[in-house]
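Visitor: this is a predicted model, with the sequence first.
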Amino acid sequence: MADSVLEVSVNANKQIIKKLMGDEAMCNALMEIMEPKMEERRKEGRIQGIVEVLRNLKHSDSEIKSILIKQYNLTEDEINNFL
């Protein structure tokens, strides 16, 4: 039963978002609100891509860590999420 309630809630929210996206001012406001999270996701995607490429080029995890620390100023804990 909880799944049904969740499905109805998600669908209702989708409909609200679609209506808001039709309004140019509201769409811009939503984009402004979402931009920090979107940028964070883009950065995570870039880092994951870099890790994949470096691994394909046979770089060790310690080399990858050094590169990510230098390029993105990440902590060891943050980097471990990508390795």
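Guide: All right, it came through fine.
Visitor: and residue 31, what element?
Guide: Using DSSP states H and E, residue 31 sits in helix 24-56.
Visitor: rounded mean pLDDT for that helix, please.
Guide: In this model, helix 24-56 has an average pLDDT of 85.
Visitor: could you number the chain from 53 rather than 1 from now on?
Guide: Taking 53 as the first residue, the last one we looked at is helix 76-108.
Visitor: residues making contact with the helix or strand that it is followed by?
Guide: Toward the C-terminal end, the helix or strand that comes next after helix 76-108 (DSSP H and E) is helix 113-124. Applying Cβ atoms under 8 Å, 6 or more residues apart in numbering, the set of residues contacting helix 113-124 from outside is 95, 99, 102-103, 106-107, 111, 126, 128, 131, 134-135. Glycine gets a C-beta too; all of them are placed from N, C-alpha and C.
Visitor: any chance of those in JSON lines, plus neighbour count?
Guide: Listed next are those as JSON lines, based on neighbours: other Cβ atoms under 10 Å:
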{"residue": "95", "neighbour count": "12"}
{"residue": "99", "neighbour count": "19"}
{"residue": "102", "neighbour count": "16"}
{"residue": "103", "neighbour count": "19"}
{"residue": "106", "neighbour count": "16"}
{"residue": "107", "neighbour count": "13"}
{"residue": "111", "neighbour count": "15"}
{"residue": "126", "neighbour count": "17"}
{"residue": "128", "neighbour count": "9"}
{"residue": "131", "neighbour count": "19"}
{"residue": "134", "neighbour count": "16"}
{"residue": "135", "neighbour count": "10"}
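Visitor: determine which two of those residues are furthest apart.
Guide: Pairwise distances across those peak at 20.0 Å for 95 and 111 (criterion: Cβ to Cβ).
Visitor: for residue 117, the count of nearby residues, please.
Guide: Using other Cβ atoms under 10 Å, residue 117 has 18 neighbouring residues.
Visitor: distance of it relative to residue 71?
Guide: 46 Å (Cβ to Cβ, to the nearest Å).
Visitor: just to revisit the earlier point, what's the closest of the contacts of helix 113-124 to residue 63?
Guide: Closest to residue 63, out of all of those and judged by Cβ to Cβ, is residue 95, at 30.9 Å.
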